[in-house]
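**Q** the sequence and its predicted three-dimensional model are supplied below.
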Amino acid sequence: MHEPLGLRRPVDHVTDVALMMDCFAGVPDEERPAFGALPLHFREEVAIHGNLYIGPLTGLKEDIYDACQPRGHNWVEPHRAFPIEYGMYRRRAPMDNLWVWDQDQGLQTCMTLSRLVRPTSIGVRCAARLIFDADDNLMEIAPANLDIGVRAWVADESRNWLRDEDLPRLRRLVDRFDPEVLSSRPQRAFWFFEHACRTLWIDVRWPLMTIALEALVHTDRRHSTRQFVERILTLSGRIGGPEVSEDELREIYDRRSHLAHGAGLGALDAEARRLYLKMEAVLRRILEAIVLEPATAAIFEDEANIRRELGDIR
């Protein structure tokens, strides 16, 4: 039982949590992995890096979910029909302000970096702060109460969960990621990428992904398409990114302003879906290389470097 606010003992530490829910929604029942074949973090806690973990939150996830739901008035919440598979969490998170969830965005950064490894729909719709006393007794669950970009979506719902083999890459990314050493262009690209992942509508999401790429390679007002196509082609080839052609990049760039208004990811036709997934994969690989490879990050320190390394297009 949680003690009332006025009677609680002194707070000793907190854990910030974000739940991953219904990750098999796009997978037919007969194709869902059996429990024994699930990744380890579906069954037990797995360390990511430092005080960051991923795990099933056994005995807690239902309470966390309930704490994040609106209470209403004289209202009974409908029965929840979807499972909660696992969560990402940060033990002994910073608590300079007790009521600000993930105040230095360490957990959200881990979530963003995980999308570079494999896109998933983990978000902050069910995110909360667990408040403990010195004896590690749970006293309160405080919902994060975020109201912007609380959900995330994926284009491929049949692969919407992290695998065991993804975690070593995620650990390297978390270990190497340092926003203080990133120049402004990669910082903007990361922001646009994460913002796009939290957007369902394709007429918004597609342009945001292209803007993230443009933020990296665009230096001059003229020849915008050439800068996008030729520099992304050069960069992707240099870092071993997904195979992409000049024609595909040109089509990706041209389509950014010719998308159906108000259509979700699921409304894409087969060719548009293929191009979107290609664009997202190229961007993810570039951002991963920026984090892990200093030589790649150095390209974006100034416009002269970009022109010298990726082509002078003026």
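**A** Okay, I see it. Numbers count the residues shown, from 1 in each chain.

**Q** for residue 87, list each beta-bridge partner.
**A** residue 19, residue 55 (DSSP bridges).

**Q** per-residue pLDDT, it?
**A** On the pLDDT scale, residue 87 is placed at 97.

**Q** can you pull the contacts of it?
**A** Residues near residue 87 by CB atoms under 8 Å, 6 or more residues apart in numbering: 17, 18, 19, 20, 54, 55, 56, 57, 61, 64. C-beta here means a position set from N, CA and C on the backbone, and glycine is covered the same way.

**Q** can you tell me which of the residues you listed has the most neighbours?
**A** Most neighbours among those, by other CB atoms under 10 Å: residue 17, with 28 neighbours.

**Q** so that residue lies in a strand, does it not?
**A** Yes. With DSSP: H, G, I helix; E, B strand; the rest coil as the criterion, residue 17 is located in a strand.

**Q** sorry, back to before: would CSV of the contacts of residue 87 with distance to residue 160 be doable?
**A** Putting those into CSV (distance: CB to CB, whole Å) gives the following:
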residue, distance to residue 160
17, 19
18, 15
19, 14
20, 9
54, 15
55, 18
56, 17
57, 18
61, 17
64, 20
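
**Q** could the residues you listed be laid out in TSV, adding pLDDT and distance to residue 110?
**A** Putting those into TSV (pLDDT from 0 to 100; distance: CB to CB, whole Å) gives the following:
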residue	pLDDT	distance to residue 110
17	98	12
18	97	9
19	96	14
20	95	12
54	98	9
55	97	13
56	96	17
57	95	16
61	92	18
64	94	17
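
**Q** between those residues, which is closest to residue 291?
**A** Of all these, residue 54 has the smallest distance to residue 291: 18.8 Å, by CB to CB.

**Q** tell me the contacts of the closest one?
**A** 41, 45, 46, 48, 86, 87, 88, 89, 162, 167.

**Q** go through those and flag which are in strands.
**A** Under the assignment DSSP state E, the contacts of residue 54 contribute 46, 48, 86, 87, 88, 89 to strands.

**Q** how many residues are close by the last one?
**A** If I follow you right, that is residue 89. When counting by other CB under 10 Å, one arrives at 26 neighbours for residue 89.

**Q** that one and residue 107, how far apart?
**A** 7 Å (CB to CB, to the nearest Å).

**Q** and what of the fourth one?
**A** Computed with CB to CB, the distance linking residue 87 and residue 107 is 10 Å.

**Q** state the distance from the residue most central in space within the chain to residue 197.
**A** Centroid check for the chain by CA atoms, centre = their mean gives residue 112 as the closest residue, at 3.2 Å. Distance, residue 112 to residue 197, by CB to CB: 8 Å.

**Q** same check on residue 165?
**A** Distance, residue 165 to residue 197, using CB to CB: 21 Å.

**Q** the residue nearest to the centre of the chain against residue 190, yeah?
**A** Yes. Using CB atoms under 8 Å, residue 112 is in contact with residue 190, at 6.6 Å.

**Q** tell me the domain boundaries of the protein?
**A** Segmentation of the chain into domains, based on automatic domain parsing, reads 5-171, 181-310.

**Q** what about residue 191, neighbour count?
**A** As a burial measure, residue 191 scores 15 neighbours (other CB under 10 Å).

**Q** what helix or strand is it on?
**A** Using DSSP states H and E, residue 191 sits within helix 184-197.

**Q** run a quick neighbour tally on the nearest residue to residue 186 once chain neighbours are set aside.
**A** Closest residue in space to residue 186, ignoring its immediate chain neighbours: residue 290 at 5.0 Å, by CB to CB, 6 or more residues apart in numbering. Neighbour count for residue 290, taken as other CB under 10 Å: 25.

**Q** in this structure residue 290 contacts residue 300, no?
**A** Yes. Between residue 290 and residue 300 there is a contact under CB under 8 Å: 7.2 Å.

**Q** list residues touching both of these two?
**A** What both residue 290 and residue 300 touch, as defined by CB under 8 Å, 6+ apart, is the set residue 186.

**Q** how far off centre is stretch 43-58?
**A** Taking CA atoms, centre = their mean, to the nearest Å, one finds stretch 43-58 lying 17 Å from the centre of the chain it belongs to.

**Q** can you point out the buried residues in the helix or strand that residue 63 is a member of?
**A** Per DSSP H and E: residue 63 is located in helix 61-67. Residues 61, 64, 65, 67 are the ones in helix 61-67 that count as buried (16 or more other CB atoms under 10 Å).
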